[in-house]
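Asker: give the three-dimensional model of this entry:
(4 chains)
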Protein chains: 2
Amino acid sequence: MSDTEINTQTTARRGRPRAFDREVALAKAQALFHARGYDALSVADLTHALGINPPSFYAAFGSKLELYDEALRRYEKTEGLDVDTALAPGTPLSEGVARLLRYAADAYASGEACGCMVIEAARGTADAAAGEKARERMEASRSYIHQRISSLDAGHADLASDYVMMSLAGLSASARNGMPTARLRIMAAIAADGLKSQLEHAA
Amino acid sequence: MSDTEINTQTTARRGRPRAFDREVALAKAQALFHARGYDALSVADLTHALGINPPSFYAAFGSKLELYDEALRRYEKTEGLDVDTALAPGTPLSEGVARLLRYAADAYASGEACGCMVIEAARGTADAAAGEKARERMEASRSYIHQRISSLDAGHADLASDYVMMSLAGLSASARNGMPTARLRIMAAIAADGLKSQLEHAA
DNA sequence: TTATTTCTGTATCACTCACTACAAAATCCT
DNA sequence: AGGATTTTGTAGTGAGTGATACAGAAATAA
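Answerer: Take a look at the predicted model:
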């Protein structure tokens, strides 16, 4: 009769309830990590921005590194490129790559935290463990892109996925350096033309 | 009779002489900054690697930041790309860019400190002042490349220099991710083809 | 109510960071 | 030789780092 067992996410645990929304805090932390990077963002910065104290922070997220890992995965889910649409079955490879790079141009320039959170974090972090986390996520993305490209044109999968990853890194860097969306789109189109030209001449 | 006044670099200053070679130390510091980045390389790491104590370090270099600035400039002089040769007067723009990117492919993959020291440092540093120094050097390089491209093809200088900077960032990132020289050269060629194709179709 | 559990705030912890005070040592100038 | 000057090694500075001990507060369970 009653619907008491439907709500499984907040199962009315015992003890004093948490005074903040963990999901909201994670979203805010992810944005901060994206904008300022792992090293430049201290736990003190985070607790201050979230309006909580260190013990609450560590009880909810474990450690700075664990929160960072969660933030990276959240970024992929909420702001990651739509690889499936860009490289949909039946799409010519050069066209799919052009679409994916255009998605990146649009995504990387928007907001104050520009560039790709994963690509920018994959190198240059003082904390070795944090860099490793980012590199893991980037490798996962690379692998997935390679797989999707492989289903379109298996013969050029290695070459094309390497080129895509390089182009994404270039676009991300340019976005980070302040390049506006419109110009970024042009850059993406030129880069895509390079692969197209290569595939045509090699055919 | 004697040649005492010829040697002007070591003018026999008063006081206790320095026990280490400043140039050698600078070279070693530059390599370390390149390989590990500003944040990850502590002054303690530096003094240990150079075999000196902190007071000698600060007497010789002023501060970690000043040494970093010197290291960046040394990198440009000793390992910077030969822009003048790549974009020599009379060179077709697309060919010059292809040459410059190939130089980068060769330079970025060599050694254990891979990627461009300036590009990699221009973003992602926890220390804001160090990032600013790197960004200054990158802007200087961008400006010089823009000027040289402008003398080859003034109409496409903005577009081409933006594209070159983006491609260099992509090549640097790929090198940092372990891409070998041969593959990096192919990437450079494909990227250069993009601009060539763009310039031809726009003409 | 009473016990149990969980979270919250205060006040730290040990550690690393870039950097320096101080006096002894080593050179040049007179 | 003796004074002036600069570097050297020892030892430590204050500030900031990520992470915690502890006790009180706020909820559920009995």
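
Asker: which stretches of chain A have low pLDDT?
Answerer: A:1-11, A:203 (pLDDT under 70).

Asker: in it, which helix is the longest?
Answerer: Assignment by DSSP state H gives helix A:128-152 as the longest helix of chain A.

Asker: what comes up buried for the following helix or strand past that helix?
Answerer: Next helix or strand after helix A:128-152 toward the C-terminus (DSSP states H and E): helix A:157-176. Within helix A:157-176, the residues scored as buried using 16 or more other CB atoms under 10 Å in any protein chain shown are A:157, A:159-176. (Glycine included, C-beta is placed from N, CA and C.)

Asker: coming back round to it: what are the contacting residues of the longest helix of chain A?
Answerer: Under the contact criterion CB atoms under 8 Å, 6 or more residues apart in numbering or on different chains, helix A:128-152 has outside partners A:38-39, A:65, A:68-69, A:72-73, A:76, A:80, A:83-84, A:87, A:89, A:91-93, A:96-97, A:100, A:118-119, A:121-125, A:156-158, A:160-161, A:164-165, B:40, B:177.

Asker: if I pick the closest residue to A:A88 other than its chain neighbours, what's in contact with it?
Answerer: Nearest non-adjacent residue to A:A88, counting by CB to CB, 6 or more residues apart in numbering or on different chains: A:G96, 7.4 Å away. By CB under 8 Å, 6+ apart, the contact set of A:G96 is A:86-88, A:149, A:152.

Asker: phi, psi of A:R13?
Answerer: phi -70, psi 160 (degrees, to the nearest 10).

Asker: what residues are up against it?
Answerer: Residues in contact with A:R13 (CB under 8 Å, 6+ apart): none are found.

Asker: what's the spacing between it and DNA strand C?
Answerer: Using CB to the nearest atom of the strand, to the nearest Å, one gets 5 Å for the distance from A:R13 to DNA strand C.

Asker: now do A:A31
Answerer: 21 Å.

Asker: just to revisit the earlier point, check which helix or strand the residue nearest to A:A88 maps to.
Answerer: A:G96 belongs to helix A:93-109 when assigned by DSSP H and E.

Asker: gap between stretch A:143-155 and the chain center?
Answerer: Here stretch A:143-155 is found 20 Å from its chain centre; the criterion is CA atoms, centre = their mean, to the nearest Å.

Asker: oh, that last question was meant for stretch A:112-126, not what I typed.
Answerer: Using CA atoms, centre = their mean, the offset of stretch A:112-126 from its chain centre is 9 Å.

Asker: ends of that stretch, what's the gap?
Answerer: 23 Å (CA to CA, to the nearest Å).

Asker: that stretch: which residues count as buried?
Answerer: Going by neighbour count (16+ other CB under 10 Å), the buried part of stretch A:112-126 is A:113-126.

Asker: in helices, which of those residues fall?
Answerer: Per DSSP H, those map to helices at A:117-121.

Asker: so who does A:T181 touch?
Answerer: A:105-106, A:109-110.

Asker: of those residues, just the buried ones, ChimeraX syntax please.
Answerer: To isolate the buried members of the contacts of A:T181 in ChimeraX, using 16+ other CB under 10 Å:
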select /A:105,109
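
Asker: up against DNA strand C, what does chain A have?
Answerer: Proximity of chain A to DNA strand C, by CB under 7 Å from any atom of the strand, involves residues A:13-20, A:52-56, A:59-60.

Asker: in these, find the pair that's most separated.
Answerer: By the measure CB to CB, A:R14 and A:P54 form the most distant pair in the residues of chain A next to DNA strand C, at 23.4 Å.

Asker: work out for me the element the residue nearest in space to the middle of chain A sits within.
Answerer: By CA atoms, centre = their mean, chain A has its centre lying nearest to A:E76, at 4.2 Å. Here A:E76, judged by DSSP H and E, is contained in helix A:64-79.
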